[in-house]
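>>> Sharing a sequence plus its predicted fold:
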Amino acid sequence: MSDLIEKLRGLQQVDGEIYQLRRQQESKPLELQEAMARVASQEAKVKAAEAHLKSLQLAQKDKEGELQTREGNVKKLQGQLFQLKTNKEYSTMQHEIDTLKADSSLIEEVILKFFDEIETATKARQQEQQALASIQQEFQVEEKRVKADLAVIQERVGQLQSSRTSALEGIPKPALETYERILNSRYTNGVAMAPLIKESCGGCHRRMPPQVLNEVLIKAKLVICENCNRILYADDEKPTV
Ligand SMILES: [Zn+2]
């Protein structure tokens with residue numbers, strides 16, 4: 001029995017490490033979440049900068065269209081000017097033409113202003129795009145690091161799995177089944193074995209009744225902590241380091 005406990009402890013050492021590594025395998029990709037969020041937020045900024053630029057370009061185009069229409073009207077009226085008979089008609093139309101021209105020069109000013117705004121918006125978009133490129137690069141570096149870490153973990157898991165095969169040798173099937181059931185329970189965090197520490201379970205710190213302590217020391221059978229369900233073993237079996 002004491003031999004079995006030793007074997008199970010050896011197995012536990014391997015399984016404990018595998019358990020921790022599996023958890024790392026699950027949590028590692030989460031380390032990318034922050035970098036991914038930074039990329040997404042910068043992508044949104046690029047999109048906003050693009051939309052702003054586009055709206056300015058469209059507004060400018062509108063004004064250019066408006067200007068063209070007015071200039072066309074001016075030409076049309078100027079063409080008609082010479083067909084007029086009276087001075088009054090002439091001066092009325094001339095006034096109309098002047099008003100249209102004055103409006104046109106206001107529109108030209110607006111269009112020029114748009115040129116400045118478009119230049120600024122183009123620069124802003126470029127800056128956001130550059131920021132995105134560098135954030136994407138940071139993400140790729142992070143991703144590479146995580147992948148490298150995962151490869152190291154996977155290699156270690158592979159080594160441990162072959163260690164496990166040899167650690168299994170000589171453990172009777174019923175004891176192994178009990179052990180694995182405890183190990184794989186989601187309440188044990190990959191720890192199926194608990195030493196007695198003084199008179200308490202080293203897994204859950206619950207004080208054990210004398211009968212249980214006795215059974216653990218006698219080593220006639222596997223003794224399980226009634227509180228945390230772990231297999232108890234006597235602390236004096238701990239190898240001295
Ligand atoms: Zn316990």
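Everything's here; your move. What you are looking at is a predicted structure, and each value in this text was computed from that prediction instead of being measured.

>>> Low-confidence regions, this structure specifically.
Along the chain, the model assigns pLDDT under 70 to residues 1, 236-241.

>>> domains of it?
26-167, 173-241 (automatic domain parsing).

>>> Of these, which is nearest residue 6?
Nearest of those to residue 6, taken as C-beta to C-beta: domain 173-241 at 7.2 Å. C-beta coordinates here come from the backbone N, C-alpha and C atoms, glycine included.

>>> do the helix or strand containing residue 177 and the ion meet?
Secondary structure assigned from DSSP states H and E places residue 177 in helix 173-183. No - Helix 173-183 does not reach the ion (C-beta under 5 Å from the ion); its nearest approach is 10.6 Å.

>>> what distance separates that helix from the middle of the whole chain?
Its chain's C-alpha centre lies 38 Å from the corresponding centre of helix 173-183 when counted by C-alpha atoms, centre = their mean, to the nearest Å.

>>> Could you list the buried residues of it?
Buried residues in helix 173-183, counted by 16 or more other C-beta atoms under 10 Å: 175, 176, 178, 179, 182, 183.

>>> Columns distance to residue 19 on top of those, output as CSV?
Converted to CSV, the buried residues of helix 173-183 look like this (distance: C-beta to C-beta, whole Å):
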residue, distance to residue 19
175, 19
176, 16
178, 17
179, 13
182, 12
183, 8
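
>>> Which one of those is nearest to the ion?
For the buried residues of helix 173-183, the closest approach to the ion (C-beta to the ion) belongs to residue 182, at 10.6 Å.
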